[in-house]
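> What would the 3D arrangement of this be:
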Amino acid sequence: MKIIVDAFGGDNAPDEILKGCRMAKDALGTEILLTGRADAIRAAASRLSLDLSDMEILDCPDVLTMDDDPMSIRREKKDSSLAVGLRALRDGKGDAFATAGNSGAAVVGATLYVKRLKGVLRVCFAPVLPKSTGFFLLADSGANNECTPQMLAQFGLMGSVYVEKVMGVKQPRVGILNVGTEDHKGGPLQQAAFRLLSEEKRIRFIGNVEARDVPDDAADVIVADGFTGNVFVKTYEGVALVLLDKIKGIFKKNLKNQIAAAMVLGDMKQFKKDFDYNSYGGAPILGCSKPVFKVHGSAKAGTMFSALSLTAKYVSSGITGEIAKAVGGEADT
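Sure thing, here's the model as predicted:
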């Protein structure tokens, strides 16, 4: 298996990306093809004392930044590490592509170069996030701000296939993120999507889910339009970070609390690990004809390693073929 990695994607590139790739290569044994300025990659590796001799480098002159227009991947930034990596995947130079770079450009590039599976209306971001018991998948978390009911229904189907085949959850529960659990709640989009998902016999649809219930194991797959999903996921991550910081502050407050902290240190470490969204690394772009993975933009080495581990699992599962069967098609040309 070979994973193509955008060495210049993300806030901490290339250093943390390279360190994460080294970890993945050592732990997983997967081949790595790095895209980016070869001289800069080698200089960073030398500075970090990283051996990259067992990784390929695909030299390209440009970088597509977080501030660039996503559509620039088509013309002005067509020679960026992000664009070159996606075209390399298209051309069969690897089995998957991972980037921590510009999310919008990743979606545009994946659709333009790698193509959607035939029958897929729109690709979507599908991050896996922690909850009280295990995890849940959110589709969409930001690829499509405006959606149709048919798109939401398809997100639910693709997400269900992914959670079952890759994450190992049998008959995952699928719910629509909504303002109430009653069947009639939500706007025209949610109500129409509810009807479509209710008629979808291949999934276990449980109806509407309120945002406050999501952390407490309300469903395994949460369906939302990209705008709502993005607001939800960023709020979710932000609240988790604040709570963890507040708990840490309580335990450091005085000697009594520090002694108490020492007594529950192991449990607190496990608690932090359970609710660390970085443990999953990022999100697949579901619906692409080949595996494309969007890593957290702020990814450090550990996050990158987690993302590449999940990417490798994604490839091994054959999930692309399973989704193709579910939507009834192959690659869109």
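> Could you double-check that Ile247 sits in contact with Lys269?
No - the pair formed by Ile247 and Lys269 falls short of the contact definition of CB atoms under 8 Å, at 11.8 Å. Placement of C-beta: from N, CA and C, glycine included.
> between these two, who's got more neighbours?
Ile247 (14 against 10; other CB atoms under 10 Å).
> mind checking how far the more buried one is from Leu255?
Using CB to CB, to the nearest Å, one gets 17 Å for the distance from Ile247 to Leu255.
> ok, now Val327?
Here the criterion is CB to CB. By it, Val327 lies 60 Å from Leu255.
> which element is the residue nearest to the spatial centre of the chain on?
Taking CA atoms, centre = their mean, the centroid of the chain lies closest to Ala283, which sits 0.7 Å from it. Taking DSSP states H and E as the criterion, the element that holds Ala283 is strand 282-286.
> How about Lys313?
In the assignment (DSSP H and E), Lys313 maps to helix 301-317.
> for that helix, which positions count as buried?
Taking 16 or more other CB atoms under 10 Å as the neighbour-count basis, helix 301-317 is seen to contain the buried residues 301-312, 314-315, 317.
> picking that back up, between Val327 and Leu255, which one's more packed in?
For Val327 versus Leu255, neighbours defined as other CB under 10 Å are more numerous around Val327 (18 against 7).
> how close does the more buried one get to Asp67?
34 Å.
> tell me the average confidence for the helix or strand containing Met158?
Counting by DSSP H and E, the element that carries Met158 is helix 149-165. Mean per-residue pLDDT for helix 149-165: 96.
> The next helix or strand after that helix pairs with which strands?
Helices and strands here follow DSSP H and E; after helix 149-165, the next one along the chain is strand 173-178. Sheet pairing for strand 173-178, assigned by DSSP bridges, gives strand 204-210 (parallel), strand 221-223 (parallel).
> Pull out the buried positions in strand 173-178.
Across strand 173-178, burial judged by 16+ other CB under 10 Å covers 173-178.
> got it, and stretch 16-34?
For stretch 16-34, a neighbour-count test (16+ other CB under 10 Å) marks 16-25, 28, 30, 32-34 as buried.
> how deep is Val264 tucked in, by neighbour count?
The tally of other residues near Val264 (other CB under 10 Å) stands at 12.
> Apologies, that question was intended for Val5.
For Val5, the count of nearby residues is 32 (other CB under 10 Å).
> That one is in what secondary structure piece?
Per DSSP H and E: strand 2-6 holds Val5.
> In three-state terms, how would Leu137 be classified?
Secondary structure, DSSP: H, G, I helix; E, B strand; the rest coil: Leu137 is strand.
> Give me the buried positions along stretch 238-256.
Of the residues in stretch 238-256, those buried (16+ other CB under 10 Å) are 240, 251.
> With stretch 131-144 instead?
Applying 16+ other CB under 10 Å to stretch 131-144 flags 131, 135-144 as buried.
> for that stretch, how far is the first residue from the last?
For stretch 131-144, the first and last residues are 24 Å from each other (CA to CA, to the nearest Å).
> who touches the lowest-mean-pLDDT helix or strand in the chain?
None of the helices or strands of the chain scores lower by mean pLDDT, DSSP states H and E than helix 265-274, at a mean of 75. Residues outside helix 265-274 that contact it (CB atoms under 8 Å, 6 or more residues apart in numbering): 130, 244, 247, 251, 261, 279.
> Just checking, which helix or strand succeeds the helix or strand that contains Lys25 along the chain?
With secondary structure defined by DSSP H and E, Lys25 is part of helix 15-28. Helices and strands here follow DSSP H and E; after helix 15-28, the next one along the chain is strand 31-36.
> Show me what the helix of greatest length in the chain is packed up against.
Using DSSP state H to define each element, the chain has its longest helix at helix 226-251. Applying 3 or more CB pairs under 8 Å, 6 or more residues apart in numbering; DSSP states H and E, we find helix 226-251 packed against strand 124-125, strand 128-130, strand 135-139, strand 173-178, helix 255-263, helix 265-274.
> Next, format these as CSV and append distance to Gly297.
Listed next are the helices and strands packed on helix 226-251 as CSV, based on distance: least, CB to CB, whole Å:
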stretch, distance to Gly297
strand 124-125, 12
strand 128-130, 16
strand 135-139, 17
strand 173-178, 23
helix 255-263, 32
helix 265-274, 21
